[in-house]
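1. Got a predicted structure here, sequence first:
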Amino acid sequence: MDHADKRRELPEVIAVELYQLVSFVAVAEEGNMTRAASRLNMSQPAVSSQIKALEEELEIRLFLRTSKGMELSQDGRRLKDKADTILRDIEDFRIEAEKVRGGGHGSIVLGVNTDPRLLRLKDVHSSLAKDFPGISLVVKETMSWDVANELSARNIDLGFSYALPADAAINAQPLGELELAIVACEAWRDKVEGIADFKGLASFPWVWTSDYCPMSKVLFGLFDDIGRKPVKALVVDQESAIVRLVADEVGLGIMPALKVEDVASRYGIFSVMSLERKLVLYLLSLARRADDPRIVTMVNLIRKIWE
């Protein structure tokens, strides 16, 4: 038998890259190429190209393109389970390697949903530098409603959130409650000062937050209680935008009371009234990473600071 015959007898090797499996799982779970790309922090064409390359390499059609999005084929559903197992095994391998190293090395990406002062990030940084100097902290601004997606995409390792996701894949540690306040610009002080209850403020224009925002739900609850509908001057997502628009006399707003204290003199706003309803602050992480030494370290450190 010559060398050519021996080569022909060798089994065919399928070259599947890890990043292709990550994209495959993301598209399967999102059911939509654009959402999967957003979750992975990639462009939609890049994700589409990876899925196409994976299908060509496997010679299997993984998805059915429908009007509703991307639906797993029968073969795709079968391989999705295998892909999940592979990715879990790789994560377990990394966690075990981290344990061997002692768990005190590497970096942690922490998603923050509000002002660093409210989240006590100065204390978090100081404690981490003192007790775990081998772990570096990276902070990424993340909206409460998007923390779970950012965790799943591995864009962050932990994240602060006002929202509690109904997802068994997410671990949530309640840290504490934050008081809320209705705020107005100083130019409106004469108009709103002396108003005793929320009903008296209901007719004013409001700088509203998106429906995904927990503070929006608080405001809707207040208006429902008095049977009124709000006058939404503008809808924004970020607290910094609320501060500036309230200061510019666009409307009343709602924000954590501690933040009002911090920015009142700088922006010319003030607290009209405090609310009985509060926001619960959670620390979210992936359930499958519950044994990751760095996650355990950070969760315990942050909980201790908040206690």
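-> Right, received. Where do you want to start?

2. sec struct for residue 178, please.
-> Look at residue 178: counting by DSSP: H, G, I helix; E, B strand; the rest coil, its state is strand.

3. dump the residue contacts of it.
-> Contact analysis of residue 178 by CB atoms under 8 Å, 6 or more residues apart in numbering lists 118, 256, 257, 258, 278, 279, 280, 281. In this view, the C-beta of every residue, glycine as well, is placed from N, C-alpha and C.

4. redo that, cut-off 10 Å
-> Residues near residue 178 by CB atoms under 10 Å, 6 or more residues apart in numbering: 114, 118-119, 162, 255-259, 278-281.

5. So which of these belong to helices?
-> 257, 258, 259 (DSSP state H).

6. And the residue nearest to the last one when sequence neighbours are not counted, how far from residue 185?
-> If I follow you right, that is residue 259. Excluding the flanking residues, the one nearest residue 259 by CB to CB, 6 or more residues apart in numbering is residue 115, at 5.1 Å. Using CB to CB, to the nearest Å, one obtains 19 Å as the distance from residue 115 to residue 185.

7. neighbour-wise, which of these two wins?
-> residue 185 (21 against 17; other CB atoms under 10 Å).

8. which residues pair with that one across the strands?
-> Counting by DSSP bridges, residue 185 is bridged to residue 269.

9. hang on, the earlier thing: Throw the contacts of residue 178 into CSV and include neighbour count and pLDDT, thanks.
-> Output for the contacts of residue 178, formatted as CSV (neighbours: other CB atoms under 10 Å; pLDDT from 0 to 100):
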residue, neighbour count, pLDDT
114, 23, 89
118, 19, 89
119, 22, 94
162, 21, 93
255, 26, 91
256, 22, 91
257, 18, 91
258, 15, 89
259, 21, 89
278, 15, 90
279, 21, 90
280, 15, 93
281, 21, 95
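
10. Low-confidence stretches in the chain?
-> 1-13, 95, 98-104 (pLDDT under 70).

11. Please enumerate the helices of it.
-> Under DSSP H, the chain gives helices at 3-9, 18-30, 33-40, 44-58, 74-101, 121-131, 147-152, 189-192, 214-226, 239-247, 257-267, 293-306.

12. any idea which of those helices is most buried?
-> helix 147-152 (a mean of 23; mean count of other CB atoms under 10 Å).

13. quick one: that one to chain centroid distance?
-> For helix 147-152, the separation from the chain centroid amounts to 5 Å (computed by CA atoms, centre = their mean, to the nearest Å).

14. what residues does that helix touch?
-> 25-26, 29-30, 35, 38-41, 109, 111-113, 140, 142-143, 155-167, 169-172, 282-287, 289.

15. who are the neighbours in contact with the nearest residue to residue 221 once chain neighbours are set aside?
-> Residue nearest to residue 221 in three dimensions, not counting chain neighbours: residue 277, with 6.8 Å by CB to CB, 6+ apart. By CB under 10 Å, 6+ apart, the contact set of residue 277 is 177, 179, 180, 215, 217, 218, 219, 221, 222, 225, 254.

16. and which of the residues you listed is nearest residue 307?
-> Of all the contacts of residue 277, residue 177 has the smallest distance to residue 307: 13.5 Å, by CB to CB.

17. What's opposite the closest residue to that closest one other than its chain neighbours in the beta bridge?
-> Among residues not flanking residue 177 along the chain, residue 278 sits closest, at 4.2 Å (CB to CB, 6+ apart). Counting by DSSP bridges, residue 278 is bridged to residue 179.
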